[in-house]
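Visitor: no sequence on this one, just coordinates:
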Ligand code: HSE
């Protein structure tokens, strides 16, 4: 049996729990969530679907946990896969998620995360640990939720990426779309928060940090070494809608440079028509030319899809059953 421990049971964790329960038989895997640990909701073993309403309401589900005990619970768990779904924290460079992930790997557990911080700030170390302990490390959900992004390159062996460019943040794209329709910045932001697209700290979206971290993650997968310190990152806080051009918050990277900034797009550019909370990415490839993928980049089921994608690829690669 594949035993899964979930660390962080907010929207993404709940969405994955539901999707796994609904699709387990169809996928032909004997995978069960055996433990959930969450700072607010507590520690619970062998959870059933009846926990979801209380989890959604943020109520305590099981034994209270001291956050300092979480690494010990991870080490002692007999799960073989740890799904890390805690919130993004850039002040501490992805902690405590980084500690949770490395603790899981060091105790021989495969890891799936949707948290951009640890991956963007500690990519090399995480890759090295996953090799050393021979465990899988999936992080598809950090970029464009379940919509294929960097993982599509696995289908294109030998192709070289010259650059990529994308709309990688749903919240700001939603705000810009609504502002084009005449809404004020603040009203549009409030709506984006109500819809659940925004980060817990929405300044990470508005100031462009979230799409910058996503561009860093894609870059690292491609072997390019960009970081927040080396990138120009401009958000949409002071944006003004002027003229008829379509303004989008664009993330760009090639091997030498990377940036995030608002840009006026030509109406003939397909990216100019990616509206609302949708994301898009264009890979410029030497073999195919431009490949553009458009799809949702946030949301409960949408992100749960990414976790399922990672889980199935670990199941296949490591022969879990
Ligand atoms: N706040 C992010 C966004 C969520 O708006 O795109 C998904 O990473």
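Guide: Ah, there it is. Just so it is clear, the structure is predicted and the values come from calculations on it, not from any experiment.
Visitor: all contacts plus neighbour counts: C-alpha atoms, from now on.
Guide: Noted.
Visitor: residues near residue 10, how many?
Guide: 19 (other CA atoms under 10 Å).
Visitor: read off the pLDDT value for it.
Guide: For residue 10, the pLDDT comes out at 93.
Visitor: how about the residues of the stretch 51-200 of the chain that lie near the ligand?
Guide: With CA under 6 Å from any ligand atom as the criterion, the stretch 51-200 of the chain meets the ligand at residues 169, 170, 171, 197, 198, 199.
Visitor: write a PyMOL command that selects only the buried members of those residues.
Guide: PyMOL command restricting these to the buried ones, with burial defined by 16 or more other CA atoms under 10 Å:
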select buried, resi 169+170+171+197+198+199
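Visitor: any chance of CSV for the residues of the stretch 51-200 of the chain next to the ligand, columns secondary structure?
Guide: Converted to CSV, these look like this (DSSP: H, G, I helix; E, B strand; the rest coil):
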residue, secondary structure
169, coil
170, helix
171, helix
197, coil
198, coil
199, coil
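Visitor: quick one: the residue most central in space within the chain from residue 214, how far?
Guide: Geometric centre of the chain, nearest residue: residue 142, 2.0 Å, by CA atoms, centre = their mean. Separation of residue 142 from residue 214 (CA to CA, to the nearest Å) stands at 7 Å.
Visitor: what residues are shared contacts of these two?
Guide: Jointly contacting residue 142 and residue 214 under the rule CA atoms under 8 Å, 6 or more residues apart in numbering are residue 116.
Visitor: ranges for the strands of the stretch 151-300 of the chain?
Guide: 161-167, 232-233, 246-254, 258-265, 278-285, 289-296 (DSSP state E, counting those that start in this stretch).
Visitor: dump the ones you listed to CSV, plus mean pLDDT, distance to residue 79 and mean neighbour count.
Guide: Supplementary listing: these in CSV, determined by pLDDT from 0 to 100; distance: least, CA to CA, whole Å; neighbours: other CA atoms under 10 Å:
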stretch, mean pLDDT, distance to residue 79, mean neighbour count
strand 161-167, 98, 36, 21
strand 232-233, 98, 39, 16
strand 246-254, 96, 37, 23
strand 258-265, 96, 39, 19
strand 278-285, 98, 34, 22
strand 289-296, 97, 31, 16
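Visitor: so the residue nearest to the centre of the chain sits against residue 116, correct?
Guide: Yes. Distance between residue 142 and residue 116: 5.2 Å, which falls inside the contact criterion (CA atoms under 8 Å).
Visitor: return the distance of the helix or strand hosting residue 105 from the chain's centre.
Guide: In the assignment (DSSP states H and E), residue 105 maps to helix 97-106. Centre-to-centre, helix 97-106 and its host chain are 17 Å apart (CA atoms, centre = their mean, to the nearest Å).
Visitor: next secondary structure element downstream of that helix?
Guide: Scanning forward in sequence from helix 97-106 by DSSP H and E, the next helix or strand is strand 110-113.
Visitor: and the helix ranked longest in the chain with strand 289-296, angle?
Guide: Longest helix in the chain by number of residues, with DSSP state H as the criterion: helix 300-318. Interaxial angle of helix 300-318 relative to strand 289-296 (axes from the mean of the first three to the mean of the last three CA atoms, to 10 degrees): 120 degrees.
Visitor: quick check, helix 300-318 touching the ligand?
Guide: No. Judged by CA under 6 Å from any ligand atom, helix 300-318 stays clear of the ligand, getting no closer than 8.2 Å.
Visitor: and that helix, what does it pack onto?
Guide: Packing partners of helix 300-318 (3 or more CA pairs under 8 Å, 6 or more residues apart in numbering; DSSP states H and E): helix 11-27, strand 110-113, strand 137-138.
Visitor: mean confidence (pLDDT) on it, please.
Guide: 96.
Visitor: hmm, who's touching it?
Guide: Here helix 300-318 has contacts from 11-16, 19-20, 110, 112-114, 136-141, 145-147, 296-297, 320-321, using CA under 8 Å, 6+ apart.
Visitor: filter the residues you listed to the buried ones?
Guide: Using 16+ other CA under 10 Å, the buried members of the contacts of helix 300-318 are 11-16, 19-20, 110, 112-114, 136-141, 145-147, 296-297.
Visitor: how far does the longest helix of the chain sit from its chain's centre?
Guide: Per CA atoms, centre = their mean, the centroid offset for helix 300-318 relative to its chain is 12 Å.
Visitor: what's the answer for stretch 86-93, then?
Guide: Stretch 86-93 sits 13 Å away from the centroid of its parent chain (CA atoms, centre = their mean).
Visitor: how close does residue 302 get to residue 197?
Guide: Counting by CA to CA, the separation of residue 302 from residue 197 is 11 Å.
Visitor: same check on residue 86?
Guide: For residue 86, the distance to residue 197 - CA to CA - is 15 Å.
Visitor: okay, now the domains of the chain?
Guide: Taking automatic domain parsing as the domain assignment, the ranges for the chain are 2-146+300-318, 150-296.
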